[in-house]
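A.B. asks: Here you go, sequence then predicted model.
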Amino acid sequence: MTESTPRATDHSITAPLRFSVFRRIWLASLLSNLGLLIQGVGAAWAMTQMASSADKVALVQTALMMPIMLISIPAGAIADMHDRRIVAMVALSISLVGATALTTLAWLGLITPNILLTFCFIVGTGMALMGPAWQSSVSEQVPPEALPAAVALNGISFNIARSLGPAIGGVIVATSGAVAAFAVNAVMYLPLLIVLFLWNRISEPSRLPRERLNRAMVSGVRYIANSPSIKIVLTRTLVTGIIGGAILALMPLIVRDLLHGGAQMYGIMLGAFGMGAVIGALNIGEVRKRLNGEGAIRACTLSMAGAITAVALSRQPVLTAAALVLAGAAWMLAVALFNIGVQLSAPRWVAGRSLAAFQAGIAGGIAVGSWFWGHLTDHAGVEIALLTSAGLMFLSPLLGLWLRMPPIGARNEAPAELLADPEVKLLLTGRSGPLVVEIEYRVATENARPFHNVMQEVQLSRQRNGAYGWSIARDIADPELWTERYHCPTWLDYLRQRNRATHLERELHQRAMDFHLGPEPVRVRRMLERPFGSVRWKEDTPDRAAAEVLPVVAPAAGSST
């Protein structure tokens, strides 16, 4: 992990800052976020000067956020497959190139609305690639007990920047123009690049070969699709992003059309929203103590509904700023709770992909919502668009009747010990497959229903970790005999699937085996479904399996399927 934990029982919001690696990266990321927000002010205000159409202004947010939705799953897979430090550095370099090119073109007076959107998209692409690698590496910088506070601190970093950056950006744009804002952003990427370069990250090499990108993406999607709690969090995240994105996308128009202000007032209003977000993040621990997940999200969405209504009806900068403080606090609390829920639900092997899906949910919601709110504003005006957003936000807690937020507990990590590889007498290569696994249980007839209920949970566990074609069958001639059957694409996929199970999943598998009767253990069969690949049709045919060395683990504590 990192250096030894000072005061391991300290759960305060500042506890992660005691770890030097996290502290350095956090401070550098604060500067990077500050630069990004300064550029955002410059880009949004430059667009208001070049185009009068509301949807063009809103598209600045879409251009920055859309890459996160488009490449989040590949980005998450890359973060899980490769050194996360290197991935983050490459991603930052992409954003640096985009910001530098935008600065150069603006300085030369060659900026048009389409060019501005293109380079915002490039900067957003770099940040989209960096996000999963950066967020999933937080658990490598702090111990598990400090992880929720570290997640909240990362949110605080962005929102401290949101508090100061827009105001600074407004001053820069008002005094020196948008080109200065773009230049500041490019320079602000350098400290984070340096800190990441100097981070001596210790990675644990896998005993199995790395998955290919396409297979890793499929594994991530499969894990999420078979994780009910993560699916609920992602759905609520997407809905909140679509509805709440109105206030972010329409902020320039709120200032221009409702408050009749300029670039400096725009920066101040964004700063008010960011200040509220910092207040919300600082109180996330207290909110988690007092409210469960559903109660906290309900309070956040209702508070946002009231704040957006006030912004829509207010024509006084002071009242609008106060409402934006409330909106920022509620927004930050909701996003942080969604983030923590995903990060603590996903084991380390799929953390990057799960966080990428979360990023896709929130950024995709904001991107799609920004486009919708921009079009609605063109037809009905800023006030009607904001009141519509407030009404939908007020109704959004009704989703909890069907998609109730799961409780947030400790991170569900894999056990330290690996399972022993099964006994194999047939020579196999890593690509041999598909593998068919059959497990026979003998269950008392009076326990048939509870056993079947447990096996439905086992199904999700197997499928999350790589199995497909799962089924459970009961022998009609011997009602006590049950057979679980599933497939894995290859022998290597099967080895991965066996050792991806977390503590809770292994306990679940043990619960299923506890139903088994008799002195004989649960019987497991592992079969090669297409055996022709393991047969040498001629005596002189080379045996590929004999030349391939497969990883073998010494017998570990216990053996499972």
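C.D. replies: Yep, that arrived.
A.B. asks: give me the low-pLDDT residue ranges for this structure?
C.D. replies: Within the chain, the stretches with pLDDT under 70 are 1-11, 52-55, 58, 61, 159, 162-163, 166, 203-207, 408-418, 531-560.
A.B. asks: same thing but 50
C.D. replies: 1-8, 536-537, 543, 545-549, 551-558 (pLDDT under 50).
A.B. asks: can you give me the strands in it?
C.D. replies: Using DSSP state E, the strands of the chain run over 435-442, 468-474, 481-488, 523-528.
A.B. asks: burial of the nearest residue to S432 once chain neighbours are set aside, as a residue count?
C.D. replies: In this structure, S432 finds its nearest non-sequential neighbour in W491, 4.6 Å apart by Cβ to Cβ, 6 or more residues apart in numbering. All C-beta spots, glycine's among them, are computed from the backbone N, C-alpha and C. For W491, the count of nearby residues is 21 (other Cβ atoms under 10 Å).
A.B. asks: Also L403?
C.D. replies: 16.
A.B. asks: circling back to that earlier point, nearest to L395, of the strands of the chain?
C.D. replies: Shortest separation from L395 across the strands of the chain is recorded for strand 468-474, at 37.5 Å, computed as Cβ to Cβ.
A.B. asks: ok, and what's touching that closest one?
C.D. replies: Strand 468-474 has contacts (Cβ atoms under 8 Å, 6 or more residues apart in numbering) with 448, 452, 455, 459, 462-463, 481-489.
A.B. asks: so who does the residue nearest to A79 when sequence neighbours are not counted touch?
C.D. replies: Of all residues not flanking A79 in the chain, G352 sits nearest, at 3.2 Å (Cβ to Cβ, 6+ apart). G352 sits next to 75-80, 84, 132-133, 135-136 when contact means Cβ under 8 Å, 6+ apart.
A.B. asks: Tell me which two in those residues are the farthest apart.
C.D. replies: Every pair in those was compared (Cβ to Cβ); the two farthest apart turn out to be A77 and Q135, at 14.4 Å.
A.B. asks: For the strands of the chain, give me CSV that also has distance to H503.
C.D. replies: Conversion of the strands of the chain to CSV gives the following (distance: least, Cβ to Cβ, whole Å):
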stretch, distance to H503
strand 435-442, 20
strand 468-474, 21
strand 481-488, 21
strand 523-528, 21
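A.B. asks: Compute the number of surrounding residues for I243.
C.D. replies: For I243, the neighbour count with other Cβ under 10 Å is 26.
A.B. asks: which of the contacts of strand 468-474 are buried?
C.D. replies: Buried residues within the contacts of strand 468-474, counting neighbours by 16 or more other Cβ atoms under 10 Å: 455, 459, 462-463, 482, 484-489.
A.B. asks: Greatest separation within those: which pair is it?
C.D. replies: Across the buried ones among the contacts of strand 468-474, the longest distance by Cβ to Cβ is 24.9 Å; it joins W482 and P489.
A.B. asks: Now the terminal residues of stretch 404-421, how far apart.
C.D. replies: End-to-end distance for stretch 404-421: 39 Å, by Cα to Cα, to the nearest Å.
A.B. asks: can you check stretch 425-435 too?
C.D. replies: Per Cα to Cα, the first residue of stretch 425-435 is 15 Å away from its last.
A.B. asks: Buried residues, that stretch. List them.
C.D. replies: Going by 16+ other Cβ under 10 Å, stretch 425-435 has these buried residues: 428-430, 432-435.
A.B. asks: Next: stretch 168-188.
C.D. replies: Those would be 168-174, 177-186, 188, for stretch 168-188 by 16+ other Cβ under 10 Å.
A.B. asks: Contacts for that stretch next, please.
C.D. replies: Counting by Cβ under 8 Å, 6+ apart, 31-32, 34-43, 45-46, 96, 99-100, 102-103, 106-107, 111, 123, 262-268, 270 sit against stretch 168-188.
A.B. asks: Export that stretch to CSV, keeping only CA atoms.
C.D. replies: Written as CSV, here are the backbone C-alpha positions of stretch 168-188 (Å, rounded to 0.1, in the frame of the first residue of the first chain):
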residue,chain,number,x,y,z
ILE,A,168,-10.2,33.9,-11.0
GLY,A,169,-11.2,32.9,-14.5
GLY,A,170,-13.7,35.7,-14.6
VAL,A,171,-11.1,38.2,-13.7
ILE,A,172,-8.6,36.8,-16.2
VAL,A,173,-11.2,36.8,-19.0
ALA,A,174,-12.3,40.3,-18.1
THR,A,175,-8.7,41.7,-18.0
SER,A,176,-6.7,39.6,-20.5
GLY,A,177,-9.3,37.7,-22.6
ALA,A,178,-10.0,34.0,-23.1
VAL,A,179,-6.5,33.2,-24.5
ALA,A,180,-5.0,33.9,-21.1
ALA,A,181,-7.5,31.5,-19.4
PHE,A,182,-6.5,28.8,-21.9
ALA,A,183,-2.8,29.4,-21.3
VAL,A,184,-3.2,29.1,-17.5
ASN,A,185,-5.0,25.8,-17.9
ALA,A,186,-2.1,24.4,-20.0
VAL,A,187,0.5,25.4,-17.3
MET,A,188,-1.6,24.0,-14.5
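A.B. asks: What's the separation between L387 and V218?
C.D. replies: Distance of L387 to V218, computed by Cβ to Cβ, to the nearest Å: 43 Å.
A.B. asks: Over to L30?
C.D. replies: Noted for L30: a distance of 36 Å to V218, by Cβ to Cβ.
A.B. asks: between the two, who's got more neighbours?
C.D. replies: Taking other Cβ under 10 Å, L30 and V218 do not tie; L30 has more neighbours (22 against 16).
A.B. asks: Next, the contact list for that one, please.
C.D. replies: By Cβ under 8 Å, 6+ apart, the contact set of L30 is 157, 160-161.
A.B. asks: That one and V41, how far apart?
C.D. replies: L30 is 17 Å from V41, by Cβ to Cβ.
A.B. asks: same question, V123
C.D. replies: According to Cβ to Cβ, V123 stands 14 Å off from V41.
A.B. asks: Also L117?
C.D. replies: L117 sits 16 Å away from V41, going by Cβ to Cβ.
A.B. asks: So between these two, which is more surrounded?
C.D. replies: Neighbours per residue (other Cβ under 10 Å) separate L117 from V41, with V41 holding more: 29 against 18.
A.B. asks: how about the nearest residue to that one, chain neighbours excluded?
C.D. replies: Closest to V41 by Cβ to Cβ, 6+ apart is G169, at 3.1 Å.
A.B. asks: Equivalent analysis for R210, please.
C.D. replies: Spatial nearest neighbour of R210, excluding adjacent residues (Cβ to Cβ, 6+ apart): M81 at 5.4 Å.
A.B. asks: could the buried residues of stretch 425-435 be laid out in CSV, adding distance to Y468?
C.D. replies: What follows is the buried residues of stretch 425-435, written out as CSV (distance: Cβ to Cβ, whole Å):
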residue, distance to Y468
L428, 19
T429, 20
G430, 18
S432, 17
G433, 11
P434, 9
L435, 11
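A.B. asks: quick revisit: now that we have the contacts of G352, which one has the most neighbours?
C.D. replies: P132 leads the contacts of G352 on contacts (other Cβ under 10 Å) with 35 neighbours.
A.B. asks: Contacts only, for it.
C.D. replies: 72, 75-76, 78-79, 352-353, 355-356, 359.
A.B. asks: how about a cut-off of 6 Å?
C.D. replies: Going by Cβ atoms under 6 Å, 6 or more residues apart in numbering, P132 touches 75-76, 79, 352, 355-356.
A.B. asks: quick one: which two of the residues you listed are the most distant?
C.D. replies: A75 and L355 (9.5 Å).
A.B. asks: that older thread, out of the strands of the chain, which comes closest to A334?
C.D. replies: The nearest among these, by Cβ to Cβ, is strand 468-474 at 34.7 Å.
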